[in-house]
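Novice: return a 3D structure for these sequence lines:
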Amino acid sequence: MAGHSKWANIQHRKGRQDAKRSKMFSKLSKEITVAAKMGAPDPDMNPRLRLAIQNAKGQSMPKDNIDRAIKKASAGEGDDYAEIRYEGRGPDGVGIIVEALTDNRNRTASDVRSTFSKNGGQLGETGSVSFGFDRMGMIEYPAEIGSEDDVMEAAIEVGADDVESGEEGHTIYCAFEDLAEVSTALEERFGEATSQGPTWRPQTNIELDVEKAETMMRLYDALDDLDDVQKVYANFELSDEAAEKLGG
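Specialist: Predicted coordinates:
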């Protein structure tokens, strides 16, 4: 049960430094609106909406923003978004999965393809990368909720499969279909999670040197910055040298 990757730690620090809050809030709002339109606007009756709201709260999104996103869906406002997954490759064959919510498939496909090609990657066919990932549930907590051993014991006890702990926090993995049950049990023990939801977990990671890591991180950030993109997953980790240079 490995600790957080060096890339995960650098990513967390970078996120704090950049403070791209408005873009993050926009993505969270879109997910709330989509979830509310797909089911009831009441989170008690709509598991996806409940999850979206919990994630928004975990990122300190103001209550007014959350309420506004729900009302937008309830009033029938906002575009109808389609959920699309793109798959491609980065430097050294790193597998990349991009999840998007879009009201214009052609625009999003063009943006994603262009971003791959301009940043040292290549867009592939659906299924060309995802076979190297496992679809799982993921629950994240800050480091201060407990020690690695305490969190591991509690997580396994409620049916989780694995825990990764590091200085930035604890990431708990469970079977995709067990996410609601495991997250509810952990909430009773540790309180609300920072974030939770489905994820694509790499089966193996490709270690990148400094040059390849810089290229990969540019590609990752460029994809993540696209307005229609909700989440980006990739199966890479940084070499010690790359982590020391890029994480400073």
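Novice: check whether residue 43 really touches residue 55, as I assumed.
Specialist: No. Using C-beta atoms under 8 Å as the test, residue 43 is too far from residue 55 to be in contact (11.8 Å). For the C-beta atoms, the positions are set from N, CA and C on the backbone; glycine is no exception.
Novice: where do the strands sit along the protein?
Specialist: Along the chain, counting by DSSP state E, strands occupy 82-89, 95-102, 122-123, 133-141, 162-166, 169-175, 195-202, 206-208, 229-234, 236-238.
Novice: what sits up against stretch 44-59?
Specialist: For stretch 44-59, the external contacting residues (C-beta atoms under 8 Å, 6 or more residues apart in numbering) are 24-25, 28-29, 31-32, 35-36, 38-43, 65-66, 70, 140, 180, 192-197.
Novice: which residues touch the residue of the chain most remote from its centre?
Specialist: Each residue of the chain has a distance to the centre, and by C-alpha atoms, centre = their mean the biggest one is for residue 75: 28.4 Å. For residue 75, the contact set (C-beta under 8 Å, 6+ apart) is empty.
Novice: what comes into contact with the top helix by length along the chain?
Specialist: Secondary structure of the chain per DSSP state H: the longest helix is helix 21-38. Contact with helix 21-38 is made by 46, 48-49, 51-53, 55-56, 59, 61, 65-66, 68-70, 72-74, 78, 80-81, 83, 101, 225, 227, 230, as judged by C-beta under 8 Å, 6+ apart.
Novice: pLDDT of that helix, averaged?
Specialist: The average pLDDT within helix 21-38 is 86.
Novice: and residue 190, how close does it get to residue 222?
Specialist: In this view, residue 190 and residue 222 are 35 Å apart by C-beta to C-beta, to the nearest Å.
Novice: whoops, residue 207 was the one
Specialist: For residue 207 relative to residue 222 (C-beta to C-beta), the value is 22 Å.
Novice: cool, and residue 238?
Specialist: The gap separating residue 238 from residue 222 is 18 Å, by C-beta to C-beta.
Novice: pLDDT value on residue 77, please?
Specialist: The score at residue 77 is 63. That number is its pLDDT.
Novice: turn the strands of the chain into TSV, including mean neighbour count.
Specialist: Below are the strands of the chain laid out as TSV (neighbours: other C-beta atoms under 10 Å):
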stretch	mean neighbour count
strand 82-89	18
strand 95-102	22
strand 122-123	16
strand 133-141	20
strand 162-166	19
strand 169-175	23
strand 195-202	20
strand 206-208	19
strand 229-234	20
strand 236-238	23
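Novice: out of the contacts of helix 21-38, which sit inside helices?
Specialist: 48-49, 51-53, 55-56, 65-66, 68-70, 72-74.
Novice: filter the residues you listed down to the buried ones, ChimeraX style.
Specialist: The buried subset of the ones in helices among the contacts of helix 21-38, as determined by 16 or more other C-beta atoms under 10 Å, is captured in ChimeraX by this line:
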select :48,49,51,52,53,55,56,66,69,70,72,73
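Novice: which one of the ones in helices among the contacts of helix 21-38 is nearest to residue 218?
Specialist: Checking the ones in helices among the contacts of helix 21-38 against residue 218 with C-beta to C-beta, the nearest one is residue 55 at 26.2 Å.
Novice: so residue 226 touches residue 113, yeah?
Specialist: No. Contact criterion C-beta under 8 Å: residue 226 and residue 113 do not qualify, at 11.1 Å.
Novice: give me the more crowded residue out of those two.
Specialist: The residue with more neighbours, out of residue 226 and residue 113, is residue 226; 18 against 15, by other C-beta atoms under 10 Å.
Novice: now do the contacts for the more buried one.
Specialist: Applying C-beta under 8 Å, 6+ apart, we find residue 226 in contact with 100, 108, 111, 112, 115.
Novice: I am finished for the moment; much appreciated.
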